[in-house]
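Undergrad: Sequence plus the predicted model coming up.
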Amino acid sequence: MKGFLIAFLLVGAGVWLAACGASTPAAQPTAVPSPVPATVAPTVPASATPSQTTAPTATPSPTVTLTASPTETPAPTPEPTAGKIDADTGRQVWLRQECIDCHGENAEGDRGPTLAGTGLTYDAVLLRVRTGKGRMPDFTVEEISDLEVQQIYAWLRSLPPPTPEATPTAAPTAATAAPTATSVGPVAPRPTPIPPPDFPTGALNAFWASVNDLKVKSDFTKDLPARQAQDEAGRLSILKGYAGEAVGLGKQALAQGNQALAEIPRAAVQADLQQALAAVQQIVDQANQALGRDNYSEAYQSASAMARLSRIEAWPWASQAVRDAGLTGTVRVRVTNRAGQPIANAFVTVLTARDPAAALTDASGRATILNAAAVPALQVKAYAAGLVYHEVHVNLAPGATADAVIALPGANAAGQAPAVSAAMAAAGSGAGAVSLRMTAADPQGAADLAQDQLFALNPALGTAFVLQAVGGGQYATQVQLPSWATGPQTWYFFAVDHACNTSNVIVRQSPAP
């Protein structure tokens, strides 16, 4: 029986599948977007219905409605229940499938991430098992059944999360001053803490959970049909089944998001919700288009759009809404090689906003991210030039601190890593604006580049800005520096591919704003 290699679940739901799995068609060139200011008033009233949300990056078909076709499978896959699974059996399956080789006997983590007490959903776990990721193989139902995955999931959920290793407190310096006694590693400045919520957040949390589930169903729609059927007709039928489930989840998310709009008066949260709702609407539109197709290739294009929209639009904007609502915590990260030795100056990102929060590790391999969105299965990634990137998930509660250890697996696959060149950070249009641009190429073609991981990372700002395709192999964006960001800025440009290979890194300075 083949082992789980790097991971039975290298990260599950927290990673866009195109980042390290099946490829997604390259995005069409678009104009460089301007970021949405955090204090922009909502573009539609709080009482907006789902059909009133306006797509920020694409125009949906005017004939598409939120009503799924008769082929819809309305009920999402239920999570396992204690009445039909056995956690003790799950442990035996875990040992038989050699999961301990990467995750440890008790899922405490080793070469693969910690999975004990995971906050990932069953669907997220099942997706990773069926599709693989990076150096992890995919598993067929003959090799491990859905029931066996349910049993493993039940066992993982029954385990307490391991106790984090003791973390020494670094002496603060002018460059790495820590705002709390427990913060360790370089910390990006946060001069204005996000105030805690003084309004209901139940609908907001429910919206985030539905968007998270919608992301997994979108990935199901794109990546599983070709693995579960041998002919076009069978694949189309499976795709439509998953697309129908996505429509149901999308409608649920739209209702919850609009309820949150009505309950939350904070302008930054409303602006985030507007963006997230627009992306969810587009996902529903694409799912309905897939349901109306009689050709698998055409339906697959809609499925690919669903996965892209969920990964780089809906999910990040929903997370940013949680963060801007004041539901935040702290993430402390330690990055090592496979031998456990610290890696200094590694890049750490946390998907807590449309552009991930980011930092560089210090000499002990540590970094701290403040004001992270307090959500279950928060995605934390680590990168270093020339190495395969890796990631884990942490369960972060409001006001809490979560610890993560990420061991980078090793060198890129020979001759397969992407390369970046012609990086530029120049004055943009308007006061405090910076234009960021680079050229990125991959030996397997542009479609092999991970669209959500083409970065210009600024550790002083604490953000890894995502560059978007603008044509000719170039990727760019324009950002607005905050008022406290004075003096020249240092930017690190790099990219990753679907197999998790990290490119070279180019360092550039932008002029003082």
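TA: Now that the structure is in, tell me what you want to look at.
Undergrad: Okay, now the unreliable bits of the protein?
TA: 1-84, 98, 100, 108-113, 133-136, 161-192 (pLDDT under 70).
Undergrad: Can you pull the domain assignment for it?
TA: Structurally, the chain divides into domains by automatic domain parsing as follows: 1-188+206-325, 328-407, 419-510.
Undergrad: Generate CSV for the ones you listed, with mean neighbour count as supplementary columns.
TA: Bear in mind the C-beta positions are built from the backbone N, C-alpha and C, glycine included. What follows is those, written out as CSV (neighbours: other Cβ atoms under 10 Å):
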stretch, mean neighbour count
domain 1-188+206-325, 20
domain 328-407, 22
domain 419-510, 19
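Undergrad: In a markdown table, list those domains along with distance to D198.
TA: Putting the domains of the chain into a markdown table (distance: least, Cβ to Cβ, whole Å) gives the following:
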| stretch | distance to D198 |
| --- | --- |
| domain 1-188+206-325 | 9 |
| domain 328-407 | 13 |
| domain 419-510 | 24 |
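Undergrad: do you know which of those lies nearest I194?
TA: Using Cβ to Cβ as the measure, domain 328-407 is the one of those that comes nearest I194, at 5.6 Å.
Undergrad: so what's the nearest residue to V394 once chain neighbours are set aside up against?
TA: The spatially closest residue to V394, leaving aside those adjacent along the chain, is A402, at 3.9 Å (Cβ to Cβ, 6 or more residues apart in numbering). By Cβ atoms under 8 Å, 6 or more residues apart in numbering, the contact set of A402 is 329-332, 378, 394-396.
Undergrad: Please enumerate the helices of this structure.
TA: 17-20, 87-96, 100-103, 122-131, 146-158, 202-223, 225-228, 232-263, 267-291, 296-309, 315-324 (DSSP state H).
Undergrad: Out of those, which gets nearest to S483?
TA: Nearest of the helices of the chain to S483, taken as Cβ to Cβ: helix 267-291 at 15.9 Å.
Undergrad: name the helices or strands packed onto that closest one?
TA: Applying 3 or more Cβ pairs under 8 Å, 6 or more residues apart in numbering; DSSP states H and E, we find helix 267-291 packed against helix 202-223, helix 232-263, helix 296-309, helix 315-324.
Undergrad: Show residues contacting the last one.
TA: Just to be clear, that refers to helix 315-324. 38, 194, 204-205, 207-208, 211-212, 215, 257, 260, 266, 268-269, 272-273, 275-276, 279, 351-356, 371-375.
Undergrad: now with 6 Å?
TA: With contacts defined as Cβ atoms under 6 Å, 6 or more residues apart in numbering, helix 315-324 is touched by 208, 211, 215, 268-269, 272-273, 275-276, 352-354, 373, 375.
Undergrad: Let me know the closest of the residues you listed to S364.
TA: Nearest to S364 among these: T352, at 23.0 Å, using Cβ to Cβ.
Undergrad: That closest one contacts V375, doesn't it?
TA: No. Judged on Cβ atoms under 6 Å, T352 makes no contact with V375 at a distance of 8.4 Å.
Undergrad: Could you dump the helices and strands packed on helix 267-291 into JSON lines and include distance to I343?
TA: Conversion of the helices and strands packed on helix 267-291 to JSON lines gives the following (distance: least, Cβ to Cβ, whole Å):
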{"stretch": "helix 202-223", "distance to I343": "29"}
{"stretch": "helix 232-263", "distance to I343": "38"}
{"stretch": "helix 296-309", "distance to I343": "31"}
{"stretch": "helix 315-324", "distance to I343": "26"}
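Undergrad: Figure out which of these is closest to L454.
TA: Of those, nearest to L454 by Cβ to Cβ is helix 296-309, at 13.3 Å.
Undergrad: A413: which of the domains of the chain is closest?
TA: Closest among the domains of the chain, using Cβ to Cβ: domain 419-510, at 5.9 Å.
Undergrad: and that closest one, how far from the chain's centre?
TA: Its chain's average C-alpha position is 18 Å from that of domain 419-510, according to Cα atoms, centre = their mean, to the nearest Å.
Undergrad: let's have the chain start at 729 instead
TA: In the new numbering, first residue 729, that becomes domain 1147-1238.
Undergrad: now the end-to-end length of it.
TA: In domain 1147-1238, first residue to last residue: 21 Å (Cα to Cα, to the nearest Å).
Undergrad: Out of the helices and strands packed on helix 995-1019, which gets nearest to A1151?
TA: Here helix 1043-1052 is closest among the helices and strands packed on helix 995-1019 (Cβ to Cβ), at 23.2 Å.
Undergrad: distance between the closest one and the chain's centre?
TA: Worked out by Cα atoms, centre = their mean, helix 1043-1052 lies 11 Å from the chain centre.
Undergrad: what's the angle between it and helix 930-951?
TA: 160 degrees (axes from the mean of the first three to the mean of the last three Cα atoms, to 10 degrees).
Undergrad: Can I get helix 1043-1052 in CSV, CA atoms only?
TA: Extracted in CSV, the C-alpha atoms of helix 1043-1052 (Å, rounded to 0.1, in the frame of the first residue of the first chain):
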residue,chain,number,x,y,z
TRP,A,1043,-12.8,32.9,0.7
PRO,A,1044,-10.1,35.7,1.3
TRP,A,1045,-12.8,38.4,1.3
ALA,A,1046,-14.9,36.5,3.8
SER,A,1047,-11.8,36.0,6.0
GLN,A,1048,-11.0,39.7,5.8
ALA,A,1049,-14.6,40.5,6.9
VAL,A,1050,-14.0,38.3,10.0
ARG,A,1051,-10.8,40.1,10.7
ASP,A,1052,-12.1,43.6,10.2
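Undergrad: Format the helices of the chain as TSV; extra columns: distance to G1200.
TA: Shown next, in TSV, are these (distance: least, Cβ to Cβ, whole Å):
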stretch	distance to G1200
helix 745-748	21
helix 815-824	48
helix 828-831	40
helix 850-859	31
helix 874-886	44
helix 930-951	27
helix 953-956	31
helix 960-991	33
helix 995-1019	26
helix 1024-1037	20
helix 1043-1052	26
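Undergrad: Tell me which of the ones you listed approaches V1233 most closely.
TA: helix 745-748 (17.8 Å).
Undergrad: D829: which of the helices and strands packed on helix 995-1019 is closest?
TA: It's helix 930-951; of the helices and strands packed on helix 995-1019, that one is closest to D829 (Cβ to Cβ) at 24.7 Å.
Undergrad: Give me the residues contacting that closest one.
TA: 741, 745, 750, 851-852, 855, 859, 967, 970-971, 973-974, 977-978, 980-981, 984-985, 987-988, 991, 1031-1032, 1034-1035, 1038, 1042-1043, 1046, 1050, 1053, 1103.
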